[in-house]
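>>> here is my input; please provide its structure:
(chains A and B)
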2 protein chains.
Amino acid sequence: MTIYAPADSMNTSHSTSDEPVLSADAYKAAFRNHAAGVAVVTADAGDGPVGLTATSVSSVSADPPLLIFSLSDQSSSSPTIARADTVVVHLLGADQLELAKLCATSGIDRFADLALWSRLETGEPYFPSAHAWIRGRVVSRMSAGTSTIIAVEAIEAKLSNAPAEDPLVYHNRTWHRLGEHSAIRT
Amino acid sequence: MTIYAPADSMNTSHSTSDEPVLSADAYKAAFRNHAAGVAVVTADAGDGPVGLTATSVSSVSADPPLLIFSLSDQSSSSPTIARADTVVVHLLGADQLELAKLCATSGIDRFADLALWSRLETGEPYFPSAHAWIRGRVVSRMSAGTSTIIAVEAIEAKLSNAPAEDPLVYHNRTWHRLGEHSAIRT
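Modelled structure (predicted):
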């Protein structure tokens, strides 16, 4: 067993109290045991479309229909998404791996290929190839360290008529496909 | 850390706009395309240990070491976790499926089996069988509909010396094991 205790050197100005915090390396090592579903979030706050791949999307409740995700201040898309009134959250299947990669790649124009994206009637950019997406309004923002937590109330959703796809999952720098092959029979 | 919580924006009975929200059924159908890692959160706010299985845990940043999860007001463990100063977040491997089930079952004493849990030196209840856990302090709470979003700053972590385990994932009422068999080779 390895115990990571906070080092004094990590007790930086980031801490919200006088207590020391865990080092970034130890924190990452622990979170390597956690997998996450993959989503792409798109928005346009008036100066063009942005989109980013997020592994932080989670459902808060169905009634009211609320989801949250977090935005790193270091992402180039974050300022736009953080001030957008509405966003589109695409919940990706394994067949949309290329879309996940596209919106996770830095230094490229993620909307250069006009065949990949379109706009909803309400104006938001979106990727029609996603098996499911939810359009919602941003109802709350919470600053957390160098990130922002965004809460979204769902307004509408689109589901492909095709059978539900195997979801795309990300874990420890590897993409995974869920399905019958990964199910635990209990 | 700052909380931006517009007075009634999270209350759907006082919606931020005149737009209708998505029905619970439609919202659930869309989210059926999203998978999630599985965690167990434990705490003791002074009146005994509580623990719940959460699929909403996500990492916000490593520096500062911050994670979030959401608590439904309908969970019996929520009041305790919502007011605790510190919590333990166990990131579960597939071999800890029984622990996930235990803390997801209503109407039982999840701490009845004294062989399953213990207390850290700092007092928090925890499950030593988990492959990895993080102890942290609650640094922010945000009300979201009928739920509460909890932000936690990591103080210490424990990792088993065993090789990293296949993570446990939940999707559409089924448990999954990630591993070589689910990896997408790109």
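>>> for the nearest residue to A:Val38 once chain neighbours are set aside, what are its contacts?
Spatial nearest neighbour of A:Val38, excluding adjacent residues (Cβ to Cβ, 6 or more residues apart in numbering or on different chains): A:Leu168 at 4.4 Å. Any C-beta I mention is one placed from the backbone N, CA and C, and that applies to glycine too. A:Leu168 makes contacts with A:Gly37, A:Val38, A:Leu92, A:Gly93, A:Ala94, A:Gln96, A:Leu97, A:Ala100, A:Trp175, A:His176, A:Arg177, as judged by Cβ atoms under 8 Å, 6 or more residues apart in numbering or on different chains.
>>> of these, which is the most crowded?
A:Leu92 (30 neighbours; other Cβ atoms under 10 Å in any protein chain shown).
>>> touching, that residue and A:Ser129? I think so.
No: A:Leu92 lies out of contact with A:Ser129 (Cβ atoms under 8 Å); the separation is 9.5 Å.
>>> can you report how many residues lie near A:Ala84?
A:Ala84, neighbours per other Cβ under 10 Å, totals 21.
>>> how far away is the residue sitting nearest the centre point of chain A from B:Pro125?
The centroid of chain A falls nearest to A:Ala54 when counting by Cα atoms, centre = their mean (2.0 Å). Distance of A:Ala54 to B:Pro125, given as Cβ to Cβ, to the nearest Å: 32 Å.
>>> do A:Pro79 as well
41 Å.
>>> give me the more crowded residue out of the two.
Between A:Pro79 and B:Pro125, counting by other Cβ under 10 Å, B:Pro125 is the more crowded of the two (19 against 15).
>>> which residues of chain A fall in helices?
Assigned by DSSP state H, chain A shows helices spanning A:24-31, A:78-83, A:97-102.
>>> could you identify which of these is most buried?
helix A:24-31 (a mean of 21; mean count of other Cβ atoms under 10 Å in any protein chain shown).
>>> anything in contact with each of A:Leu92 and A:Ser129?
With Cβ under 8 Å, 6+ apart as the test, A:Leu92 and A:Ser129 both reach A:Leu99.
>>> next up, the contacts around the nearest residue to A:Ser58 once chain neighbours are set aside.
Spatial nearest neighbour of A:Ser58, chain neighbours left out: B:Ser56 (4.2 Å); criterion: Cβ to Cβ, 6+ apart. By Cβ under 8 Å, 6+ apart, B:Ser56 lies in contact with A:Ser58, A:Ser59, A:Val60, A:Ile68, B:Ala36, B:Ile68, B:Phe69, B:Ser70.
>>> contact partners for A:Ser70?
A:Ala54, A:Ser56, A:Ala144, A:Ser147, A:Thr148, A:Ile149, A:Ile150, B:Ser58, B:Val60, B:Ser61, B:Ile68.
>>> closest to A:Gly46 out of those?
Taking Cβ to Cβ as the measure, A:Gly46 lies nearest A:Ile150 of the contacts of A:Ser70, at 17.5 Å.
>>> next, count neighbours for the closest one.
27.
>>> surely it meets A:Phe69?
Yes: at 5.7 Å, A:Ile150 counts as touching A:Phe69 under the criterion of Cβ under 8 Å.
>>> span of stretch A:71-81 from start to end?
Using Cα to Cα, to the nearest Å, the end-to-end distance of stretch A:71-81 comes to 8 Å.
>>> and A:Ile68, bridged to which residues?
Going by DSSP bridges, A:Ile68 is paired in beta bridges with A:Ser58, A:Ala151.
>>> now do it, the pLDDT please.
The model reports A:Ile68 with a pLDDT of 98.
>>> who are the contact partners of it?
A:56-58, A:60, A:149-152, B:56, B:68, B:70, B:144, B:149.
>>> how near is A:Gln74 to chain B?
Separation of A:Gln74 from chain B (Cβ to the nearest Cβ, to the nearest Å) stands at 9 Å.
>>> for that residue, which non-adjacent residue is closest in space?
That would be A:Thr146: by Cβ to Cβ, 6+ apart, it lies 7.3 Å from A:Gln74.
>>> test my guess that the one you found contacts B:Ser61.
Yes: taking Cβ under 8 Å as the definition, A:Thr146 is a contact partner of B:Ser61 at 5.8 Å.
>>> those two: which is more packed in?
When neighbours are counted by other Cβ under 10 Å, A:Thr146 and B:Ser61 differ, and B:Ser61 comes out ahead with 19 against 15.
>>> is it true that the more buried one touches A:Thr148?
No: using Cβ under 8 Å, B:Ser61 makes no contact with A:Thr148, being 10.6 Å away.
>>> okay, and the beta partners of A:Leu91?
Under the criterion used (DSSP bridges), A:Leu91 bridges to A:Ala39, A:Ala132.
>>> how much space between it and B:Leu22?
Taking Cβ to Cβ, one finds A:Leu91 at 13 Å from B:Leu22.
>>> tell me which of those two has more neighbours.
A:Leu91 (28 against 22).
>>> list the contacts of that one.
Contacts of A:Leu91 by Cβ under 8 Å, 6+ apart are A:37, A:39, A:57, A:130-134, A:167, B:30-31, B:33-34.
>>> ok so, going back, spit out the contact partners of the residue nearest to the centre of chain A.
A:Val38, A:Ala39, A:Val40, A:Val41, A:Phe69, A:Ser70, A:Leu71.
>>> which of the residues you listed sits closest to B:Arg185?
Distances from B:Arg185 to those, taken by Cβ to Cβ, are shortest for A:Val38, at 16.7 Å.
>>> what does the pLDDT read for that closest one?
98.
>>> all set now, cheers.
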